[in-house]
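S.K.: sequence and predicted model, in that order:
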Amino acid sequence: MTAPGLRRFGGDATAVVLVLHGGQETSKARSHRLRPAYLRMLPFARDLRAAGHHAGLAVWALRNRYRGWNAPDLDPVADARWALDEIQRVHPGAPVVLVGHSMGGRVALHVAGDPAVAAVCALAPWTPENEAVDQLAGRTVLIAHGDRDTVTDPKLSYAYAVRAKEVTDAVCRFDVRDEGHAMLRRPREWRLLVRRFTLGVLGITEVDHIIASALAKPCPGGLGIPI
């Protein structure tokens, strides 16, 4: 039977980041560890572990069973829920931050209602019109999107952020200038933003002042901050 894969960075932990990779709308092809969508997220995992290991931060990188979203089955959503259950089995009570790219961003936002989830960092997320936001209540959410992205629409992630702001005040969104979907032009800025948000929301470091300011602004302020 096909099973999700997990790569774990770190052992004992007081907090965990679950990293979720991208995919496509429909495909039952197997995900494997050499696909770019999965490999793209490993630098984020390593960076977060290096920055937070002293405070007991572990990072888990999920590799989905299949490459597709596959409605109505929602295979990657089931995989993420399985991973969250595994995290609580291994690290009971540990708060979790979800970091997802593209389809992984959609998955992260989708499963944010899990009791263990404290925050979501969605990078170039796939956010179709009318995507649910109620599950974000009580969560802190950061969305970042390249302004040259032609795979997932930055306008849709902005509209999603506006609706999310009605559910939780703690929403911010950043426009990464001159950047496309694959996050290859400005990788350092992407990793720095994720690191500052994640460590700040977990209380490992002080919350970055730019992120804190964006989170505090009433809608639509804080939803189109340029980087």
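M.R.: Done, it's in. What you see is a predicted model; the values in this text were computed from it and never measured.

S.K.: for the residue positioned nearest the centre of the chain, give me its contacts.
M.R.: Among the residues of the chain, the one closest to the centroid is residue 99, at 2.4 Å (CA atoms, centre = their mean). By CB atoms under 8 Å, 6 or more residues apart in numbering, the contact set of residue 99 is 17, 18, 19, 20, 41, 44, 48, 108, 121, 123, 194, 198. (Glycine included, C-beta is placed from N, CA and C.)

S.K.: that one bridge partners, please.
M.R.: Following DSSP bridges, residue 99 is listed with bridge partners residue 19, residue 121.

S.K.: can you tell me how far it is from residue 178?
M.R.: For residue 99, the distance to residue 178 equals 22 Å [CB to CB, to the nearest Å].

S.K.: state the distance from residue 214 to residue 143.
M.R.: Applying CB to CB to residue 214 and residue 143 gives a distance of 10 Å.

S.K.: all helices of this structure, in order?
M.R.: 36-39, 42-52, 75-90, 103-110, 154-164, 187-201, 209-216 (DSSP state H).

S.K.: OK, contacts around the closest residue to residue 139 other than its chain neighbours?
M.R.: Once flanking residues are discounted, residue 139 sits nearest to residue 112: 5.1 Å by CB to CB, 6 or more residues apart in numbering. Applying CB under 8 Å, 6+ apart to residue 112 gives the contacts 98, 120, 135, 136, 139, 141.

S.K.: ok, the fifth one touching residue 118?
M.R.: To tie it back to what came earlier, the one meant is residue 139. Yes. With contacts counted by CB atoms under 8 Å, residue 139 reaches residue 118, the gap being 6.8 Å.

S.K.: between the two, tell me which one has more neighbours.
M.R.: Applying other CB atoms under 10 Å to residue 139 and residue 118 shows that residue 139 carries more neighbours, namely 22 against 19.
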